[in-house]
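Enquirer: Prediction below, plus the sequence it came from.
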Amino acid sequence: MDDEALHVLREVWRAHGQDADELEAACGPQRSCKNMSAVGYGGLADNGDLHTAWHDQLAREGKLKPGTSTVRDLVLGADEQP
C-alpha cells in the first residue's frame with residue numbers, strides 16, 4: 001500500500017475513533033506473504049491447457065460473458081475502447 005493511501009486510511013480510522021489496536025483485535029495481526037514461489041495455477045489444468053481450464057472455470061461460475069475473447073473484454077466489456 002502506498003504512503004498516501006495508508007495516510008488516508010489512518011485518517012478515516014481516526015475520524016471514526018478507531019486505532020490500530022482495535023483494528024488488530026478485530027482483524028488479527030497484519031502479516032505479509034513473503035514467499036509466493038509455490039503459488040500457481042498448475043492444479044487448474046490437468047492436461048496443461050490453462051486457457052481452456054480458465055474458460056471452463058469462468059463458465060461454471062457464470063462469469064463468462066458471450067462475445068468475450070480476452071481478459072480485457074471480461075473486465076471492460078467487448079464494446080469498450082481503452
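Expert: Looks like it arrived, so ask away.

Enquirer: where's H7 relative to W13, distance?
Expert: 11 Å (C-beta to C-beta, to the nearest Å). (C-beta placed from N, C-alpha, C; glycine too.)

Enquirer: Neighbour count: these two, which is higher?
Expert: W13 (14 against 11; other C-beta atoms under 10 Å).

Enquirer: Quick check, the more buried one in contact with D19.
Expert: Yes - W13 is in contact with D19 according to C-beta atoms under 8 Å; the separation is 6.8 Å.

Enquirer: For the lowest-mean-pLDDT helix or strand in the chain, could you pull out the residues that count as buried?
Expert: When each helix and strand of the chain is scored by mean pLDDT, DSSP states H and E, helix 20-27 comes last, with a mean of 72. Within helix 20-27, no residue is scored as buried using 16 or more other C-beta atoms under 10 Å.

Enquirer: so the lengthiest helix in the chain versus helix 20-27, what angle?
Expert: Counting by DSSP state H, the longest helix found in the chain is helix 3-15. Put simply, helix 3-15 runs at 90 degrees to helix 20-27, going by axes from the mean of the first three to the mean of the last three C-alpha atoms, to 10 degrees.

Enquirer: A15: neighbour count?
Expert: 8.

Enquirer: State the distance from it to V8.
Expert: For A15, the distance to V8 - C-beta to C-beta - is 11 Å.

Enquirer: Please apply the same query to G67.
Expert: Counting by C-beta to C-beta, the gap from G67 to V8 is 38 Å.

Enquirer: okay, the residue of the chain positioned farthest from its centre: pLDDT?
Expert: Distance to the chain centre peaks in the chain at G17, reaching 28.8 Å (criterion: C-alpha atoms, centre = their mean). pLDDT, G17: 81.

Enquirer: Alpha carbons of the least confident helix or strand of the chain, in CSV - could you do that?
Expert: This file holds the C-alpha atoms of helix 20-27, laid out as CSV (Å, rounded to 0.1, in the frame of the first residue of the first chain):
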residue,chain,number,x,y,z
ALA,A,20,-4.5,0.3,15.3
ASP,A,21,-5.1,-1.8,18.5
GLU,A,22,-8.9,-2.0,17.7
LEU,A,23,-8.2,-2.9,14.1
GLU,A,24,-5.8,-5.7,15.1
ALA,A,25,-8.2,-7.0,17.7
ALA,A,26,-11.0,-7.2,15.0
CYS,A,27,-8.9,-8.4,12.1
